[in-house]
Each structure stands twice: as structure tokens, then as C-alpha cells.
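J.: Okay, predicted coordinates and the sequence, questions at the end:
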Amino acid sequence: MALLPILCYPDPKLHIVASPVQTVDGHIRALVSDMLETMYEAKGIGLAASQVDVHKRLIVIDVSEERNAPLVLINPDLSWTSPGKHLNEEGCLSVPGIYDSVERFDAVKVTAMDAGGVWRTVDADGVLAVCIQHEMDHLMGKVFVEYLSPLKRNRIKTKMRKLQREDRD
Ligand code: K1U
Ligand code: ZN
């Protein structure tokens, strides 16, 4: 197991569109295990492979209080979305310290393979539905700040660049 470095906004690599996983083999299972360790260590509730610079359609999530219910979604596809949408507060491990509201479907049905390569359908609402939509955006190269106004987004970009300069020097 290993901790993986997380790309920080506005790194252009966060905008790469991920490709489907061809085979769920030992390499993919090792990546899943490293991503789970990285997500738990960062105290996140989700992580997309794109955020660790692996541009494959793979997500890990754990929204449980006890942090003992990992969900692995490989080649996820939204097969149903609810008619209703609501604003939810979101954060992102690639945009540390920034929280803002984004409109998401209230509930979704997602079809994906698990870490054993078995296709499953997950019915999600609440924070799980929000997290699935946020992570699936990452796979499409989209970061949540892109839903915000250009003014807010530019302020966030400037803040992130400043923080990254301070960390480097
Ligand atoms: O994708 C990521 O960067 C992980 C992200 C997932 C997420 C959080 C909140 C709403 C949607 C998606 C995080 O885990 S950010 C850190 C966090 O645990 C958190 C932040 C705000 C609200 C709830 C949780
Ligand atoms: Zn994120």
C-alpha cells in the first residue's frame, strides 16, 4: 500500500478525460488499495483516479461515519437520475480549503464494476449521490469550481497558485 500525491487545482492534468479500465487485474486492485489509503489519510469521502494522475475510470468512496464501508466504482455509468436537483455544499481534496454550493441530482443509479470485476448497480441519495456525481465529474476532467462564477473561480485559482508558491519556496 502507498500514499499517492493528489493533483492540486489549477493543474491542467485535472482536465484530462479518463479512459475506461480494460481489465480489472492486479494492477487495478493495487491502485484501488492505494487510492483508498490516500482517501482515508486525506480525510476525504471520495477520490477519483484522475486526482492521483491516473486517467482511468475508477473511483473510491466511503461516506460511512465509521470509515469502514469502501465503495469501488470501475467504469461507472449513470443509468438513472432523479427529476429533482438541489444545492449541496462541496469540497475537494484537489482544491483544499474551498467549499461552495453546487446543484446536483437528489438521487442517482450508477452501474459499475467492483474491485472483483463484477458489475453492480448502486442506488444512491443524500451525500453518496452528491459524492458519486462529484467524482464522476473528475473522470470527465471537471472540477467542482467550474460550476462557480468566473469571478469566484479566478479568485480560487489565484489563491491556490499563491498557496502552491508558498509551499514550494
Ligand atoms: O473528490 C474529492 O476531492 C473528495 C471530496 C468529495 C466530496 C466532498 C463533498 C461533497 C462532494 C464530494 C472530499 O472528500 S472533500 C473533503 C470532505 O470530506 C468533505 C468536504 C465538504 C463536505 C463533506 C465532506
Ligand atoms: Zn474533488
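T.: Now that the structure is in, tell me what you want to look at. Ligands and ions are numbered 1, 2, ... in the order given.
J.: could you pull out the helices for this protein?
T.: 26-41, 126-139, 150-168 (DSSP state H).
J.: For the last one, list every residue counted as buried.
T.: Think helix 150-168. 153, 156, 160 (16 or more other Cβ atoms under 10 Å). In this view, the C-beta of every residue, glycine as well, is placed from N, C-alpha and C.
J.: For Ala112, which of the helices of the chain is the nearest?
T.: The closest of the helices of the chain to Ala112 is helix 126-139. By Cβ to Cβ, the value is 9.3 Å.
J.: and the closest one, what other elements does it pack with?
T.: strand 46-48, strand 58-61, strand 71-81, strand 85-90, strand 100-105, strand 107-113, strand 119-125 (3 or more Cβ pairs under 8 Å, 6 or more residues apart in numbering; DSSP states H and E).
J.: who's in contact with the residue nearest the centre of the chain?
T.: Residue closest to the average C-alpha location in the chain (Cα atoms, centre = their mean): Glu135, at 2.9 Å. If you count contacts by Cβ atoms under 8 Å, 6 or more residues apart in numbering, Glu135 has them with 46-48, 59, 61, 73.
J.: residues making contact with stretch 121-130?
T.: Taking Cβ under 8 Å, 6+ apart as the rule, stretch 121-130 contacts 45, 61, 63, 71, 73, 79, 82, 88, 90, 104-112, 132.
J.: Apply 7 Å and report the result again.
T.: With contact meaning Cβ atoms under 7 Å, 6 or more residues apart in numbering, stretch 121-130 is reached by 63, 79, 88, 90, 104-111, 132.
J.: before we move on, the earlier item: give me the buried entries from the contacts of Glu135.
T.: Among the contacts of Glu135, those scoring as buried are 46-48, 59, 61, 73 (criterion: 16+ other Cβ under 10 Å).
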